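Chemist: What follows is a predicted protein model with its sequence.
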Amino acid sequence: MIIFSGIQPTGVKHLGNYIGGFLQYVAGQERGDPSIYCIVDLHSITVEYEPAVLRERTYDLFALFIAAGLDPERSVLFRQSDVTEHTELSWLLSSVIPLGTLNRMHQFRDKSTRQREMVRSGLLFYPVLMAADVLAYRANEVPVGEDQREHLEVMRDAARTFNERYGETLVVPEARIPQVGARVLDLQDPTRKMSTTGGTEQGTVYVLDEPDDIRRKFKRAQTDSGREIVRGPDKPGVSNLIEILAVARGGDPADVEREFEGRGYGDLKTAVGDEVADWLAPVRERYHALRSDEDQMETLLADGAERARAMAAPVVAEVRDAMGVGPSRRSVGPAA
Ligand code: ATP
Ligand code: MG
């Protein structure tokens, strides 16, 4: 079982990333052989950004990986741009991914309408690079949040089309989306997902927020009409709080509903705020202890990149060979 996932070093990581991403990455560490987690800096340059800040955010994210419980010996942890096979494979895959598909992607549509200046062609190409990230490792499983389901379909189609056109080479990966917490919603605007780019400041709970700020954000969360604490399509705000509380406790949302029967929204908001603040506090503390040693992080990243390259390079060589790009591998050196 090869597990792969990537996460952008854009902005500051939030509770949605923690639940849809980190929690699943840590769980995947038990099952993956190997589990591979990548800081996808090349995805972060598809919207407006500051070069110096991007570098800082890469260290922030790596320290958060470790603080959340990822172990650089058990998992392969690395930075996307260190392994150039990703960019090469993305170009090769562009020959099996239709332009029409990319044009229809929700992420492209949402982010391109928000972009005030130039919409970069890289934003359109994002799912192609993401397909390369995963397919380069012949990964079986990709832990992500619900918002990435569409991009997973693109890479699955790409692998199938590639195999039909050029011969069986790539593995068709499965998305692994959590049962609860797959789409954590913005606390101030529960019609939208909690997001790094484009959420509301007060509706976004950051993993590194101080406990008091976390409690305050939950206290001010938007709730819905009615008074019952139950999940439902007409209650996005309350459903979101119920799910978050369940995940933070490692329990079931139905138990939360039973527990809060007959109680008010205010009680629920206080309970979620307290629970999440306590849950994230040790992560924040570990993070601050790790973040200052950038040299140590570079050493670990270099080691991770070397292990990643050793896996990706032979796959990309096979892709190249199957596509007739470059000399036949049979003619260069001993039989492959
Ligand atoms: P952006 O809004 O710029 O796309 P992001 O917050 O989605 O940023 P990513 O790095 O794109 O961050 O996503 C990292 C992981 O977090 C992905 O697996 C994604 O599915 C997951 N994720 C992001 N937002 C949420 C959310 N609100 N609920 C659950 N999972 C989420
Ligand atoms: Mg995203």
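Modeler: The structure has been received and is ready for your questions. Since the structure is predicted, the reported quantities are computational estimates derived from the model, not experimental observations. Ligands and ions are numbered 1, 2, ... in the order given.
Chemist: Can you point out the buried residues in stretch 160-179?
Modeler: Neighbour counts over stretch 160-179 (16 or more other Cβ atoms under 10 Å) mark 161-163, 166, 169-171, 173, 175-178 as buried. Heads up, the C-betas are built off the backbone N, CA and C, glycines and all.
Chemist: May I see those arranged in JSON lines, with secondary structure and distance to ligand 1 as well?
Modeler: Converted to JSON lines, the buried residues of stretch 160-179 look like this (DSSP: H, G, I helix; E, B strand; the rest coil; distance: Cβ to the nearest ligand atom, whole Å):
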{"residue": "161", "secondary structure": "helix", "distance to ligand 1": "24"}
{"residue": "162", "secondary structure": "helix", "distance to ligand 1": "23"}
{"residue": "163", "secondary structure": "helix", "distance to ligand 1": "25"}
{"residue": "166", "secondary structure": "helix", "distance to ligand 1": "29"}
{"residue": "169", "secondary structure": "coil", "distance to ligand 1": "26"}
{"residue": "170", "secondary structure": "coil", "distance to ligand 1": "21"}
{"residue": "171", "secondary structure": "coil", "distance to ligand 1": "19"}
{"residue": "173", "secondary structure": "coil", "distance to ligand 1": "13"}
{"residue": "175", "secondary structure": "strand", "distance to ligand 1": "10"}
{"residue": "176", "secondary structure": "strand", "distance to ligand 1": "10"}
{"residue": "177", "secondary structure": "coil", "distance to ligand 1": "8"}
{"residue": "178", "secondary structure": "coil", "distance to ligand 1": "8"}
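Chemist: Could you tell me which residues of the stretch 101-250 of the chain lie near ligand 1?
Modeler: 144-145, 147-148, 182-184, 193-197 (Cβ under 6 Å from any ligand atom).
Chemist: show me what contacts residue 226?
Modeler: Residue 226 makes contact with 234-235, according to Cβ atoms under 8 Å, 6 or more residues apart in numbering.
Chemist: for the closest residue to residue 275 other than its chain neighbours, what are its contacts?
Modeler: Spatially, and ignoring its direct neighbours in sequence, residue 275 is nearest to residue 248 (4.5 Å; Cβ to Cβ, 6 or more residues apart in numbering). Counting by Cβ under 8 Å, 6+ apart, residue 248 makes contact with 272, 275-276, 279.
Chemist: and the closest residue to residue 294 other than its chain neighbours, how many neighbours does it have?
Modeler: Closest residue to residue 294 apart from its sequence neighbours, by Cβ to Cβ, 6+ apart: residue 59 at 5.5 Å. Residue 59 has 19 neighbours, counted by other Cβ atoms under 10 Å.
Chemist: same thing with the one 3 residues further on?
Modeler: Residue 62 is surrounded by 27 other residues when neighbours are defined as other Cβ under 10 Å.
Chemist: which residues of the protein score low on pLDDT?
Modeler: Where the chain drops to pLDDT under 70, the residues are 330-336.
Chemist: quick one, strands of it?
Modeler: Assigned by DSSP state E, the strands in the chain fall at 3-7, 35-39, 76-79, 141-143, 174-176.
Chemist: could you pull out the helices for this protein?
Modeler: In the chain, the helices defined using DSSP state H lie at 15-17, 23-31, 41-44, 51-68, 85-93, 99-104, 106-114, 121-135, 149-166, 211-219, 236-249, 253-259, 265-290, 294-323.
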